[in-house]
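[1] Task: produce atomic coordinates for the following.
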Amino acid sequence: MSAILPTPHNDPTAAANFYDHIICLWDSGFGIPCGAYINVADLSKHLGTHGVNGPAKSVIPCAWGNCERGPMKRESVVRHVEEVHLQVKYFCDQCGASFSRRSTCNAHVFKSHPPAF
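    Predicted coordinates:
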């Protein structure tokens, strides 16, 4: 499975693939984005520095850029940022099918491409 980020026109956070870096646009206070240059694979760890931590069911608003989505469970924030703001896509290495969630891609691989014994 591999993951690819699109490269939108004039998007400073655009990355070539999931292991590339982005500029964090999480609002660090007073409408000022964090601006840290982070590895997308470390997104969860980095968002923890912004208070996206604690119990999985705690409710946290998304502060990425000008996101207008309402508060969500803490366990959903990283997935939300990946899917909505970074538009991460996971691709099946076997057939090339694309998925917006890693878990969906993994389920596809398990169901559609079982290991040969």
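[2] Next, name the residue at the spatial heart of the chain.
    Taking Cα atoms, centre = their mean as the criterion, residue 82 is the residue nearest the geometric centre of the chain, at 1.9 Å.
[3] Distance-wise, check the nearest residue to it once chain neighbours are set aside relative to residue 29.
    On the basis of Cβ to Cβ, 6 or more residues apart in numbering, the spatially nearest residue to residue 82 that is not a chain neighbour turns out to be residue 88, at 4.3 Å. Backbone N, C-alpha and C define where each C-beta goes, glycine included. Shown here: residue 88 relative to residue 29, a distance of 26 Å by Cβ to Cβ, to the nearest Å.
[4] neighbour-wise, which of those two wins?
    Neighbour comparison, residue 88 and residue 29: the larger count goes to residue 88, with 23 against 8 (by other Cβ atoms under 10 Å).
[5] which residue ranges form the strands in the chain?
    For the chain, the strands defined by DSSP state E occupy 2-4, 21-23, 37-39, 59-60, 72-73, 89-91, 98-99.
[6] quick one: low-confidence parts of the protein?
    1-19 (pLDDT under 70).
[7] and the longest helix seen in it, which residues are buried?
    The helix that spans the most residues within the chain, counting by DSSP state H, is helix 102-112. Residues of helix 102-112 classed as buried under the neighbour-count rule (16 or more other Cβ atoms under 10 Å) are 105, 108-109.
[8] Stretch 69-79 too?
    With burial defined by 16+ other Cβ under 10 Å, the residues of stretch 69-79 counted as buried are 74, 76-79.
[9] Please narrow these to those residing in helices.
    Among the buried residues of stretch 69-79, the members falling in helices (DSSP H) are 74, 76-79.
[10] Just give the closest residue to residue 46, not the sequence neighbours.
    Looking at residue 46 with Cβ to Cβ, 6+ apart, the closest residue is residue 38, at 4.8 Å.
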